[in-house]
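> A structural model of the following input is requested.
(2 chains)
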Amino acid sequence: GDSVTQMEGPVTLSEEAFLTINCTYTATGYPSLFWYVQYPGEGLQLLLKATKADDKGSNKGFEATYRKETTSFHLEKGSVQVSDSAVYFCALSPGAWAQKLVFGQGTRLTINP
Amino acid sequence: NAGVTQTPKFQVLKTGQSMTLQCAQDMNHNSMYWYRQDPGMGLRLIYYSASEGTTDKGEVPNGYNVSRLNKREFSLRLESAAPSQTSVYFCASSDRLAGGPNTGELFFGEGSRLTVL
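Residues are numbered from 1 along each chain as shown, chains lettered A, B, ... in the order given. Below you'll find the model as predicted:
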């Protein structure tokens, strides 16, 4: 079945460091891909998405590119801030008409000042 | 703008007790979902409701029942709680999925932390 695998956490970085969180997926067909973020004590919220191969999603300085050849959707940010500390979830939607998201296990990110 | 509201936020139960988690959304969304979040396992779908009047099983439905009371409300019931159901439960909703392209954006509540002793 469809699945999402994220890099193991937790990840701890210093402020202004470069961030990469790896995400790979397994799916039949042509899924849409997403990154969700969960700040402490809150529910998840959509960070960015890409709906077809080679699309780049971006938001709040974060970027991720849908790579069909490597089945990957890695999250990157050039200079992280303390306020980026959160848990990040990669997810896929199996197809344009499907309604259910499949989530990765989440990666906890801590940014130290 | 409330979005998705879940109650209660915290609950402690004894094994065998029953309870209902309530969820309401004010965004006029067609679809609603219940997920559970466990350490190291991400979010797993328990049940979902594509539209008012329909419900379907997700990945981990055993031990749960749901009711789509109306377009706004979607409740999750544990009939006989077990320690394995200790988790954080999230309700979510999404827009315009039945019969149309999946936007993929779920709107989540703040979660309900359930402990079963």
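> what residue ranges in the chain score low on pLDDT?
Chain wasn't specified; assuming chain A. Applying pLDDT under 70 to chain A flags residues A:95-99.
> That was the other one, I meant chain B.
Applying pLDDT under 70 to chain B flags residues B:1, B:96-104.
> residues from it in reach of chain A?
B:4, B:31, B:33, B:35, B:40-45, B:48, B:50, B:58, B:90, B:92, B:94, B:97-98, B:101-102, B:104-111 (Cβ under 8 Å from any Cβ of the partner chain). In short, each C-beta sits where N, CA and C put it, glycine included.
> Please enumerate the strands of chain B.
B:4-7, B:10-13, B:19-25, B:31-38, B:42-49, B:56-57, B:64-68, B:74-78, B:87-94, B:107-108, B:112-116 (DSSP state E).
> In chain A, what residue spans correspond to helices?
In chain A, no segments count as helices under DSSP state H.
> Kindly check the end-to-end length of stretch A:71-82 for me.
30 Å (Cα to Cα, to the nearest Å).
> Touching, B:Ala2 and B:Met27? I think so.
No: judged on Cβ atoms under 8 Å, B:Ala2 makes no contact with B:Met27 at a distance of 9.1 Å.
> Comparing those two, which shows the higher neighbour count?
B:Met27 (13 against 9; other Cβ atoms under 10 Å in any protein chain shown).
> List the contacts of the more buried one.
B:3-4, B:93, B:95, B:107 (Cβ atoms under 8 Å, 6 or more residues apart in numbering or on different chains).
> Chain A versus that one, what's the distance?
14 Å (Cβ to the nearest Cβ, to the nearest Å).
> What does that residue show for phi and psi?
Phi and psi for B:Met27, reported as degrees, to the nearest 10, are phi -100, psi 10.
> And A:Ser79, by the same measure?
Backbone phi and psi, for A:Ser79 under degrees, to the nearest 10, turn out to be phi -150, psi 100.
> Cool, thanks, signing off.
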